[in-house]
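# model the following, please.
(chains A and B)
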Amino acid sequence: MASLDDPGEVREGFLCPLCLKDLQSFYQLQSHYEEEHSGEDRDVKGQIKSLVQKARKAKNRLLKREGDDRAEAGTQGYESFSYGGVDPYLWEPQELGAVRSHLSDFKKHRAARIDHYVVEVNKLIIRLEKLTAFDRTNTESAKIRAIEKSVVPWVNDQDVPFCPDCGNKFSIRNRRHHCRLCGSIMCKKCMELVSLPLAYKLTSASKDSLSAHTSPSQSPSSVHGSRRGSISSVSSVSSVLDEKDDERIRCCTHCKDTLLKREQQMDEKEHTPDIVKLYEKLRLCMEKVDQKAPEYIRMAASLNAGETTYSLEHASDLRMEVQRVYELIDALSKKILTLDLKQDPPPHPNTLRLQRMIRYSATLFVQEKLLGLMSLPTKEQFEELKKKRKQELERKRILEREAALESQRRLEERQSDLASRATNGEVASLRRGPAPLRKAEGWLPLSGGQRQSEDSDPLLQQIHNITSFIRQAKAAGRTDEVRTLQENLRQLQDEYDQQQTEKAIELSRRQAEEEDLQREQLQMLREREREREQFQAASLHTRTRSLDFRDSRPFQLEPGREPRTHLAHALDLGSSPVPGSAARKTPSPSSALEPSRVWSGPPALGPGFLPQSITSQHSEVPSLNPFDEEDLCSPAAEGAASPPVAEPPCDSAVRAHKEYNPFEEEEEEEAVAGNPFTDPDSSVPSPFDEEDECPHQRPSGPPVPGNPFEEALCTNPFEVDGDSGREGEEPIEEELLLQQIDNIKAYIFDAKQCGRLDEVEVLTENLRELKRTLARQKGGAH
Amino acid sequence: MNVVFAVKQYISKMIEDSGPGMKVLLMDKETTGIVSMVYTQSEILQKEVYLFERIDSQNREIMKHLKAICFLRPMKENVDYLIQELRRPKYSIYFIYFSNVISKSDVKSLAEADEQEVVAEVQEFYGDYIAVNPHLFSLNILGCCQGRNWDPAQLSRTTQGLTALLLSLKKCPMIRYQLSSEAAKRLAECVKQVITKEYELFEFRRTEVPPLLLILDRCDDAITPLLNQWTYQAMVHELLGINNNRIDLSRVPGISKDLREVVLSAENDEFYANNMYLNFAEIGSNIKNLMEDFQKKKPKEQQKLESIADMKNIKRLLQNPKVTEFDAARLVMLYALHYERHSSNSLPGLMLDLRNKGVSEKYRKLVSAVVEYGGKRVRGSDLFSPKDAVAITKQFLKGLKGVENVYTQHQPFLHETLDHLIKGKLKENLYPYLGPSTLRDRPQDIIVFIIGGATYEEALTVYNLNRTTPGVRTVLGGTTVHNTKSFLEEVLASGLHSRSKESSQVTSRSASRR
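Below you'll find the model as predicted:
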């Protein structure tokens, strides 16, 4: 490979870089590549691989010669060994070695020389111009001669007895001729002629370039050579007898030489060979590929990961475009390869080699770049991918939420610990008193872990699938299918609900066994929690409650108990979760007093709403993951058997204890999910978790009382919030802020949909800013 | 300190500076080798260099749509070729780079030839050596000395090569040389002279510890190139011969056209890169089969003999008909070098055995030539030191214990030298500094140059030193890179064998007298 000579055999065309199979066209190569090697590592550099193969083949060959024939040699794998330490290959980068330029010296020397040369050429051109300035054909010889003599002084005949070029003696038969350009004398044999067309060509160009050529040292007098010597006005006899020069100008070989060189230069300047034109086009194409291919690869990678940042159509358009450029490169380089191939005097071998090498490098280029050009998913595949990613994201979010929950809890603990240490013993213990109760209840729903397992429930997955099918069918306008699917969905949900109720009856212990590692960790934490709870519950009874907490605590406990009483009918009523969400949304503990008011809303929207709501949601927000999630969740909020029991007290208590916690949480949550609906809930993670559970918890009879559809429409969960918690000026400002946040979120979503990434960035920044202010304000207010 | 990278950077810079468009690279015979060591064809094609021409090629066509990058050694003939080229330019524009210092008068005559103003650049880029590995360079000179002294032409080439190396790495070193070698001293002086003369070029940012150039002579260790070298790279070189990272396989019968010449380049051959410094027993697990092949081909006893330890079996071995002429001669050479002054030296007897075996005159002569070349008389240091005896015993014991790797029992002498150098213990009376100043600290950047050629085994030694001693970077160079055959040629070319007859007679006479 390193051979700098012409490679013995340059294999042409579309060779597969991995198996060196010759495929006739671009498309064949591509399809071959996708079929045969799609599974292989795309980073493999074909070139290198083939080299390794070559070298290995050579080794094998060598071995065979050495005696034994062994067929399987070369198939063994090998590993690299390492000695540790610093490999010379990994020595730190070094700068370019020393260099020294001679250019200024060179130019100085050249300038002196060039001046001389240029002056000479220009002088000739100027004279030539004068010699051709008049109408030679219609002027008589004598007059022409007179003009010619006026242009340059002719050398005296007597001064030159021999031809200076060939050395022959001048005589009557070997007459003297004068160069019209420099005035020197030569014999007829040594005389050259400049045709008029050539003269015109040279002089016409000189008119523009002359000025460019002049240089400061140029002064006509300084350059007079001896040959152009003495001034003489005596007309030579020989010259008079010459035939008339109407079509040409006589000159010496030296002048002619200079003129011809000049002509050649002019030709080269104007002439661009075909290969150059083609080559320039080829390079343009390559640049285009270099520009577009990375863009495409970015898109394809994103799409293949199931992201929705780019649109599939756009990407496939771009792919087409890149492919077209590849084809063009192929065509151009092929054209270069066969350039002038059929010309009669065949081109110089070097020209052919150049053409071959250009073709070869273009082929290399295409091969190499083609490897990186991953394929796009089909529409169906893409849907699949999107779904997968969605699930992935959901799982991730749940994990994050869990983590957030845990960290919050830890923080809480620390806070309470701190508080206990800070205040006197009694207050501390009192403070601690309610905490265990709240915590215990907060843990009752078995927050994240449980849901996670449910998420991976096949039934739930099926429900997910069907909902997305419904969406697709809706989009495709297939109403009958939608109907059957909805029927399916309902059945599934019924079944799931049954399952869930059964599950709900069985306690968390059983579930813990089924759950994965994280769950186990949580379990351990829970265990610890329980211990503490017992201990503290004991202390709670023995001690009196603190003054400042006494008022609020009953309320907090109340909603906690209330759901419990509702528990039985919560299963079929489905309205009980709303208190949870309402309490959740209420920024201050006091609002927990009026949960009932909040619940009154949802049930009104009423039963029988389910099919519609689901479908309509889907049609409204086709590809909006967060929303989908939301509709799956929010209706569910109703049914949750155990969760709501614990959650409201937890929520309010948390707030009572540590106001800023929720906001911290919120920021985190939002940054991750970017879901407008999550943030109000996210202030308390556990209730939100509960939402995930909802679709299954939905009672079989009257479906979906809490109307997610409405929520999706207004995109502002805080309207509900506003109803429930009227709290004066602060909340209003907050509301404004929140509303703004929501709006921005909507913008972000919109921008994402249209692929305006830069806008998304700006908006996200705005959003963050707003949230920060909100947090600050809230922090200050409480 | 990466020499491959240093040269590569020069070439890349040339190509970059010429801008976009189709290009031709005009080179001479030597620079062609230099460039091909660091750039692969496909790499260079990507940079729009499509043609590679020799400046002395008469068959070049006028292609005014190409830009010419000339990378030439600053030799008289190259300058003449270039002058002709500029008078009648074949390409649109010329970027001229000389691989070393060029005289002002040459620049002037070039300038005067450039009447058409086609030259856009004239520079010196000091890529004037063959970069074999990142830490190994060669000058591809075979037969650098006549007798004990430099061939003047080769001395100047070597000086150029070494100074170019220093410039390309931007090192202005202190110089130490092997006192016992006149050639080493001469080279050291020449390098110093250039540094003094071109002091402007050698003005680099001062490092805390100045770099060190250590000049050695092959004759100090004639053993290493005589032993089979058991690293992959060394073995390929030993058995096939590597020239500019290229292996000529054209003599392999029935080999296909594209395999006539295989390039072994660590940059492109992953296997090669991973294994080139592994000694063979280690590679064994990777290409065990390859190993077995060699074992089948060679008699078992001989492999054991590759270690110097059990040289005494030589006699028995010489009678083994399987041992080739060349290997037999080699054994005797090793024996002769080792037991040159030994009281019970039985070299004459061994020589007789060689003759009886039918070993040709040429090889038998070489035995004495090698002794002359690398015998004790010329060695500045004790190659077979007393410590060596202990070491040999140790090795022998190890061998009995079944050390897996009997193939690399031999440590090249260079290892010890460098070890001492790094620890600051290298004796100044054996390796004096050139000039008054000496290095107070331990050296950090070391350039070792071996007149008469380095070996791949020594390259391995340096490689391992680099890996095991943090903070020390060592680059090894030689007038060439030897295998046994080329080393013997080197010995032959030094012309010592012509005089060696008498001297060997002296040796044998004195031996027999005892």
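# what are the buried residues along stretch A:760-780?
A:760, A:763, A:764, A:767, A:770, A:771, A:774, A:775, A:778 (16 or more other Cβ atoms under 10 Å in any protein chain shown). In this view, the C-beta of every residue, glycine as well, is placed from N, C-alpha and C.
# three-state assignment of residue B:132?
Secondary structure for residue B:132, judged by DSSP: H, G, I helix; E, B strand; the rest coil, is strand.
# now it: closest residue in space that isn't a chain neighbour?
residue B:138 (5.5 Å; Cβ to Cβ, 6 or more residues apart in numbering or on different chains).
# so that neighbour sits against residue B:480, correct?
Yes. The pair residue B:138 and residue B:480 qualifies as a contact (Cβ atoms under 8 Å) at a distance of 5.4 Å.
# give me the common contacts of the two.
B:453, B:454 (Cβ atoms under 8 Å, 6 or more residues apart in numbering or on different chains).
# next one, pLDDT for residue 508 please.
I'll assume chain A. pLDDT recorded at residue A:508 is 59.
# that's the wrong chain, I wanted chain B
Per-residue pLDDT puts residue B:508 at 40.
# same thing with residue A:223?
At residue A:223, the model reports a pLDDT of 36.
# before we move on, what about the one 3 residues further on?
As predicted, residue A:226 sits at a pLDDT of 36.
# same deal with the one 10 residues further on?
For residue A:236, the model assigns a pLDDT of 42.
# next: residue B:476.
As predicted, residue B:476 sits at a pLDDT of 94.
# what's the answer for residue A:380, then?
For residue A:380, the model assigns a pLDDT of 81.
# that one sits in which helix or strand?
If you go by DSSP states H and E, residue A:380 is part of helix A:379-422.
# and residue B:63, by the same measure?
Residue B:63 belongs to no helix or strand, assigned by DSSP H and E.
# show me how the record splits chain A into domains.
Using the TED database, the domains assigned to chain A come out as A:11-37+A:107-208+A:244-271, A:281-377, A:459-542, A:739-779.
# for the stretch 51-200 of chain A, which segments count as helices?
A:103-131, A:141-151, A:196-213 (DSSP state H, counting those that start in this stretch).
# so which of those helices gets nearest residue B:2?
helix A:103-131 (28.2 Å; Cβ to Cβ).
# next, the buried residues of the closest one.
Within helix A:103-131, judged by 16+ other Cβ under 10 Å, the buried ones are A:103, A:106-107, A:109-110, A:113-131.
# what's the angle between it and helix A:141-151?
Orientation check (axes from the mean of the first three to the mean of the last three Cα atoms, to 10 degrees): helix A:103-131 against helix A:141-151 gives 150 degrees.
# find the residue closest to the closest residue to chain A within the stretch 151-300 of chain B in space, skipping its chain neighbours.
Ranked by Cβ to the nearest Cβ, the top residue of the stretch 151-300 of chain B for proximity to chain A is residue B:168, at 3.4 Å. Nearest non-adjacent residue to residue B:168, counting by Cβ to Cβ, 6+ apart: residue A:97, 3.4 Å away.
# isn't the one you found up against residue B:126?
Yes. Counting by Cβ under 8 Å, residue A:97 does reach residue B:126; the two are 5.7 Å apart.
# pick out whichever of the two has more residues nearby.
Neighbours were counted for residue A:97 and for residue B:126 using other Cβ atoms under 10 Å in any protein chain shown; residue B:126 has more, 28 against 23.
# count of neighbours near residue A:346?
Around residue A:346 there are 11 residues (other Cβ under 10 Å).
# count of neighbours near residue 141?
All of this is about chain A. For residue A:141, the count of nearby residues is 15 (other Cβ under 10 Å).
# nope, chain B
22.
# just checking, it touches residue B:154?
Yes. Judged on Cβ under 8 Å, residue B:141 makes contact with residue B:154 at a distance of 5.3 Å.
# find the residues that touch each one of these two.
residue B:479.
# for the stretch 201-350 of chain A, what lies in contact range of chain B?
Residues of the stretch 201-350 of chain A lying close to chain B by Cβ under 8 Å from any Cβ of the partner chain are A:265, A:268, A:272, A:273, A:275, A:276, A:279, A:283, A:348, A:349, A:350.
# any of those buried? List them.
Among these, those classed as buried by 16+ other Cβ under 10 Å are A:265, A:268, A:275, A:279, A:283, A:350.
# what comes up buried for stretch A:339-357?
Within stretch A:339-357, the residues that count as buried by 16+ other Cβ under 10 Å are A:339, A:340, A:347, A:350, A:351, A:352, A:353, A:354, A:355, A:356, A:357.
# what's the end-to-end length of that stretch?
End-to-end distance for stretch A:339-357: 13 Å, by Cα to Cα, to the nearest Å.
# ok, and what's touching it?
Applying Cβ under 8 Å, 6+ apart, the contact partners of stretch A:339-357 are A:6, A:10, A:274-275, A:278, A:336-338, B:22, B:45, B:50-51, B:53, B:59-61, B:63, B:66.
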